[in-house]
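Chemist: predicted model, plus sequence, below.
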Amino acid sequence: MKIFNLLNTSLFESIDAAFSFERGEFDELDLGFFPSSVQEHGDYSSSAPLKLSKRLKSSPREIAEEIVKRIKSKLIKSISIDGPGFINIYVTDDAKVDEIKNAVQKEDDWAFKKRRGSKALVEFVSSNPTGPLHVGHGRGAVLGVAISNLLESQGFDVDKEYYVNDAGRQISILALSVLLETFKNNLDKEGLYRGDYIKGLAKKFQKTNLLKKTLKPDVSLSSDTDKRLDQLIEFFQLEEPEVWKNIQDFSVKEMVRIIKSDLLEMGINHDKWFYESSVGKFDDANSLLFQSVNEIKGKNLTYDLDGAIWFKSTSFGDDKDRVLVRENGQPTYYLTDIGYHKNKIDRGYQHYINIFGADHHGYVKRITSAFNTLKNEDQSLEVILYQLVSLFESGKKRQMSTRKGDYYSLDQLRNEIGPDVIKFFFLEKKSDHTIDFDITKAKEESKTNPYFYTQYAHVRCCSILDKKVPDLTREFDIKEITKNFDLLNKIINYPKLLENFTFERSPHSLVHFLKELAANFHSFYETNPVLVKDLKVANSRLLITKATQVVLKNGLEILSVKPLSKM
């Protein structure tokens, strides 16, 4: 990072000296250096001349010549102009070795930035507590923790939050499902939640003191599924309010416990759990719902129509205005969500990230419209959507659910493969791409398994370093170190790339970086015996090995994957 920053400073000073640019324009045009992918293009390249050509009304090569004339840095070994106007730079060998030594000395602190005083709240998973987490929820969980860790690496103070939908019709149906399973009656179970977990909840509820009598609804039930469910819910709410409250509270509490346990088994821990019920009732002037509507009204962004209160969300690019309060005085689910986001805003974070499944795509414009109405000037909301996961085994698609309500859960996949393998495979793809998860491949211990191949590189490093570590006080063979261009440059550029991965919200890029770094190290290991008799050569190769281990360990931990020292 030090090399990168110093080179960019020299570049910007040269551009300013030649063309009188303001510093802010450098960031706007992205004029800085970037790591070269091939050795022939130097260690770093810049396309600044091409980007400045139109503004300066001059050819890129002429601009490049003016910049190159003025660049001064002790880090530069050589500089050239290539093609239409790229500036290519080779850095001195001493500078590279110093950066590698810096990585070995500082380890995690080398790539991480100091706290910047900026707070971020990342909401992810937030699955309804009506069933165990499935494989799709697992993808959101893994993505959420990786993005949170990336943000922390860049100095953000991050809180990870789960929004618990503990109110509304789905929770009533969950309670009804457990209640009817408890009574073992002959009522039609259509429309209810089913599966072994419901049987487990019913069995556990029977053992509590909360169930004091056997109940049978004395109502004539509709043949329509939704109407029948509403009739049953209304019956228990009115005729047996104590039993109903007990079963509802019990069911939510137990499901949240199961979800927390599933996430902890994956190595994922939310810092905060926010319950939907805490947004309050609209008829309470102190509730988040009432306050949200009042605040939006104060900005002249509501109107009344047919007895309902509407939000002018089209003012923010939504395809239509949205109802906040229905004509019967009841809040919409949209208003509940707005109330939750008002609470987020009031807690004073600067950055908010919501991570949801792709089925929430219609929600994005709606919630950002409301957020932008209520937020403070220094606050922003970003919504990241992720696509579906399909499971394959031996080339065949695995069935994910059955008519009986059983489905392949995240917990089952974890027991079959292990949490870290799941994380690595889930994060290998960009979030907006679907995943075909190959269970057979995930179990292999071979080059074709990216998790295994990456971990094996770390294990090889640890195996060597268990025998001997580099001595930073002794002399190094500089040529021995710098001849490994791909491996060396990956290590040196890791802090800058980590910064890029963070602000691009792209943990998949970190996965691919680690795979490439592992491949580079395997190649180095197979052609460069480390513990040789020549102490200078051995110390140089040990330095590379230790620096590789530092980066692999750091990157894996950001992905929430435990680096292995033995396999």
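Modeler: Good, I have the coordinates.

Chemist: now stretch 527-541, how far from the chain's geometric center?
Modeler: Remark: stretch 527-541 is offset 40 Å from the chain centroid, using C-alpha atoms, centre = their mean, to the nearest Å.

Chemist: next: stretch 181-197.
Modeler: 36 Å.

Chemist: what is the end-to-end distance of that stretch?
Modeler: In stretch 181-197, first residue to last residue: 11 Å (C-alpha to C-alpha, to the nearest Å).

Chemist: buried sites along it?
Modeler: By 16 or more other C-beta atoms under 10 Å, the buried positions in stretch 181-197 come out as 181, 182, 192, 193, 194, 195, 197. To be clear about C-beta, it is placed using only N, CA and C from the backbone, and glycine gets the same treatment.

Chemist: which of these sit farthest apart?
Modeler: Based on C-beta to C-beta, the longest span within the buried residues of stretch 181-197 runs between 182 and 195 and measures 15.0 Å.

Chemist: give the buried residues for stretch 56-73.
Modeler: Neighbour-count burial for stretch 56-73 flags 56, 60, 61, 63, 64, 66, 67, 68, 71, 73 (criterion: 16+ other C-beta under 10 Å).

Chemist: and for residue 105, the neighbour number?
Modeler: Look at residue 105: counted by other C-beta atoms under 10 Å, it has 12 neighbours.

Chemist: the residue lying closest to it once chain neighbours are set aside: how many residues sit nearby?
Modeler: Using C-beta to C-beta, 6 or more residues apart in numbering and skipping the chain neighbours, the partner closest in space to residue 105 is residue 472 (6.8 Å). Neighbourhood size, residue 472 [other C-beta under 10 Å]: 12.

Chemist: name the element residue 472 belongs to?
Modeler: Under the criterion DSSP states H and E, no helix or strand holds residue 472.

Chemist: so what's it up against?
Modeler: If a contact means C-beta atoms under 8 Å, 6 or more residues apart in numbering, then residue 472 has 101, 104, 105, 543 as its contacts.

Chemist: ok, now how distant is it from residue 197?
Modeler: Separation of residue 472 from residue 197 (C-beta to C-beta, to the nearest Å): 55 Å.

Chemist: kindly report the same for residue 255.
Modeler: Taking C-beta to C-beta, one finds residue 255 at 8 Å from residue 197.

Chemist: quick one: common contacting residues for the two?
Modeler: residue 131.

Chemist: which of the contacts of residue 472 count as buried?
Modeler: Among the contacts of residue 472, the ones that count as buried by 16+ other C-beta under 10 Å are 101, 104, 543.

Chemist: tabulate the residues you listed in CSV, adding columns for pLDDT and distance to residue 339.
Modeler: Formatted as CSV, the buried ones among the contacts of residue 472 follow (pLDDT from 0 to 100; distance: C-beta to C-beta, whole Å):
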residue, pLDDT, distance to residue 339
101, 95, 54
104, 96, 51
543, 97, 56
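
Chemist: residue 160 in helix, strand or coil?
Modeler: State at residue 160, reduced to three classes by DSSP: H, G, I helix; E, B strand; the rest coil: strand.

Chemist: ok, now residue 424?
Modeler: The three-state label given to residue 424 by three-state DSSP is helix.

Chemist: report pLDDT for it.
Modeler: With respect to pLDDT, residue 424 scores 98.

Chemist: so where do the helices sit in the stretch 1-150 of the chain?
Modeler: 2-19, 23-29, 48-56, 60-70, 93-106, 108-111, 135-153 (DSSP state H, counting those that start in this stretch).

Chemist: which helices and strands does the fifth one pack with?
Modeler: To tie it back to what came earlier, the one meant is helix 93-106. Helices and strands touching helix 93-106, by 3 or more C-beta pairs under 8 Å, 6 or more residues apart in numbering; DSSP states H and E, are helix 2-19, helix 108-111, helix 478-482, helix 485-503, helix 535-558.

Chemist: report the buried residues of the third one.
Modeler: Of the residues in helix 478-482, those scored as buried under the neighbour-count criterion (16+ other C-beta under 10 Å) are 480, 481, 482.

Chemist: now that helix - C-alpha only, CSV.
Modeler: Output of helix 478-482 as CSV, limited to C-alpha atoms (Å, rounded to 0.1, in the frame of the first residue of the first chain):
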residue,chain,number,x,y,z
ILE,A,478,17.1,-9.7,-3.7
LYS,A,479,17.1,-11.3,-7.1
GLU,A,480,15.9,-14.5,-5.5
ILE,A,481,12.9,-12.7,-4.2
THR,A,482,12.1,-10.4,-7.2
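
Chemist: could you give the mean pLDDT of that helix?
Modeler: Here the average pLDDT along helix 478-482 is 91.

Chemist: same thing with the shortest one?
Modeler: Helix 108-111 shows a mean pLDDT of 89.

Chemist: list the contacts of that helix.
Modeler: Outside helix 108-111, the residues that touch it by C-beta under 8 Å, 6+ apart are 1, 102, 103, 153, 494, 495, 498, 550, 551, 554.

Chemist: residues touching the second one, list them.
Modeler: Looking back up the chat, that one is residue 102. 2, 110.

Chemist: mind pulling up the pLDDT for residue 394?
Modeler: Residue 394 is assigned a predicted lDDT (pLDDT) of 87.

Chemist: hmm, back to that, redo the helices of the stretch 1-150 of the chain as JSON lines? Include distance to residue 527.
Modeler: Output for those, formatted as JSON lines (distance: least, C-beta to C-beta, whole Å):
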{"stretch": "helix 2-19", "distance to residue 527": "26"}
{"stretch": "helix 23-29", "distance to residue 527": "41"}
{"stretch": "helix 48-56", "distance to residue 527": "37"}
{"stretch": "helix 60-70", "distance to residue 527": "36"}
{"stretch": "helix 93-106", "distance to residue 527": "19"}
{"stretch": "helix 108-111", "distance to residue 527": "27"}
{"stretch": "helix 135-153", "distance to residue 527": "32"}
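
Chemist: so which of these is nearest residue 466?
Modeler: Of all those, helix 93-106 sits nearest to residue 466, with 15.9 Å by C-beta to C-beta.

Chemist: buried residues of that closest one, list them for me.
Modeler: Using 16+ other C-beta under 10 Å as the burial criterion, the residues of helix 93-106 that qualify are 95, 96, 97, 99, 100, 101, 102, 103, 104.

Chemist: next: stretch 43-56.
Modeler: Result for stretch 43-56 [16+ other C-beta under 10 Å]: buried residues 43, 44, 45, 46, 47, 48, 49, 50, 51, 52, 53, 56.

Chemist: what's in contact with it?
Modeler: Contact with stretch 43-56 is made by 4, 7, 11, 15, 19, 29-36, 59-61, 63-64, 67, 81-82, 84-91, 96, 489, as judged by C-beta under 8 Å, 6+ apart.

Chemist: derive a PyMOL selection command for the buried subset of these.
Modeler: Selection of buried members from the contacts of stretch 43-56 for PyMOL, criterion 16+ other C-beta under 10 Å:
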select buried, resi 4+7+11+15+31+32+33+34+35+36+60+61+63+64+67+81+85+86+87+88+89+90+91+96+489
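
Chemist: re the thing from before, out of the buried residues of helix 478-482, who's nearest residue 236?
Modeler: residue 481 (73.5 Å).

Chemist: okay, now residue 5: neighbour count?
Modeler: For residue 5, the count of nearby residues is 13 (other C-beta under 10 Å).
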